Structures are given as structure tokens and as C-alpha cells.
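Colleague: Need a 3D model of the following:
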Amino acid sequence: MPKTYEPIATNTLGSNTTTITFSTISGAYTDLVLVCQIQKSTATGTYLQMRFNSDTGSNYSTTFLSGNGTSAISWRDSNRTDINLDYYAAPQNNSWTIRNISINNYSNTTTYKTVLNRANDASQGTDAGVHLWRSTAAISTITLTMPSNDFITGSTFTLYGIKAA
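Modeller: So this is what the prediction gives:
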């Protein structure tokens, strides 16, 4: 990582869980990057979701592009209650998904927050998304969930702060 990346926290799961939370995030950085290596516990369909500061209101927007080598999709959704982070590269129960989530200007209290998401799973496909959290609040908590499924033991989540990006 460039010298401007500073590890804030790493969570390597010792047991299966449905929710990962990074809380009391300092406002000392300009941007955040969350790098995840994820696998889920069962084959049931569920997608990775993200929220900020426990906000469950319809304050999230998504523009998404995904492909699997045979077909591609794109979609837009404006009044979501979370950020949907995947489609073809959704975590699977038989392969690892690598995900890189950039959260820009997270501590700025005068602008909405932009999130750039990239993911790949060699057996499934690739995803790219641009998301917006329509709030001027500084982000102090990030929650990742996979409703009705678990992140498996060994899944890794590392949050980096970027200084002077």
C-alpha cells in the first residue's frame, strides 16, 4: 500500500457471523478504504450490504455494473435503505470474493458521501458500483451485513485510513 494508507483495524473471523462493524472511526483521515476477503456459509442467495452510522432510512443510492464473462447487467436504484455491494461477485460458499471499497470524504460534514466498490470472484464474475449516502454527517460507524447468511471463519476485513489523499 502507498505510504498514505494507514491500517485502522483488521477483523479476521474466528467464527461465522452475519455482521461486521467498524465503530468509533476517527476523523483523522481524508478517505477510507475497506478491503475484504469474504466467503459465506451456505449457498442460499443473499447479498452483501453496507450502512453508515446505523442509518436505515432511504438515504442510499446505487449505480451498478456487473459481468460474468457471458453476460453483463447494469442498474440504478435511488432510495435504498442500504448499499448493495454485489451481484455476480456476491460472496459464495465455495470460493473467496475479494472486495475493495473506497469511501471518499468520509469525515467531511458539508457533503454527501461517495463510495466506489470493486469486487471479483474468479468463479462468478466482477462487480463495480458507485454509491451515495445522502447525509452530511461524518461517518463514524460502518456496518457490513449478509442477511440470512454468515461470513465464514477466516473471512478478513481491513479498514485503512488515507492521509492527505
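Colleague: Just give the closest residue to Thr158, not the sequence neighbours.
Modeller: Closest residue in space to Thr158, ignoring its immediate chain neighbours: Thr10 at 4.5 Å, by CB to CB, 6 or more residues apart in numbering. C-beta: built from backbone N, CA, C; applies to glycine.
Colleague: confidence score at that neighbour?
Modeller: pLDDT recorded at Thr10 is 96.
Colleague: just checking, what packs against whichever helix or strand it is part of?
Modeller: Using DSSP states H and E, the element containing Thr10 is strand 5-12. Judged by 3 or more CB pairs under 8 Å, 6 or more residues apart in numbering; DSSP states H and E, the packing partners of strand 5-12 are strand 19-22, strand 156-162.
Colleague: Make JSON lines from these and add distance to Arg134 to it.
Modeller: As requested, the helices and strands packed on strand 5-12 are exported to JSON lines (distance: least, CB to CB, whole Å):
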{"stretch": "strand 19-22", "distance to Arg134": "21"}
{"stretch": "strand 156-162", "distance to Arg134": "22"}
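Colleague: So which of these is nearest Asn68?
Modeller: strand 156-162 (24.3 Å; CB to CB).
Colleague: Quick one: neighbours of the residue nearest to Thr141 when sequence neighbours are not counted, just the number.
Modeller: Nearest residue to Thr141, sequence neighbours excluded (CB to CB, 6+ apart): Ser23, at 4.6 Å. By other CB atoms under 10 Å, 11 other residues sit near Ser23.
Colleague: secondary structure element for the residue lying farthest from the centre of the chain?
Modeller: What lies farthest from the middle of the chain is Thr70; by CA atoms, centre = their mean that is 25.0 Å. Using DSSP H and E, no element contains Thr70; it sits outside every helix and strand.
Colleague: Ser95 versus that one, what's the distance?
Modeller: 17 Å (CB to CB, to the nearest Å).
Colleague: what residues are up against His102?
Modeller: To be clear, residue 102 is Ser; His isn't right here. By CB atoms under 8 Å, 6 or more residues apart in numbering, the contact set of Ser102 is Asp31, Leu32, Val33, Val115, Leu116, Asn117.
Colleague: Leaving out sequence neighbours, find the closest residue to Asn108.
Modeller: Ala138 (7.1 Å).
Colleague: Contacts only, for that neighbour.
Modeller: Ala138 makes contacts with Gly27, Tyr106, Ser107, Asn108, Thr109, as judged by CB under 8 Å, 6+ apart.
Colleague: Perfect, that will be all.
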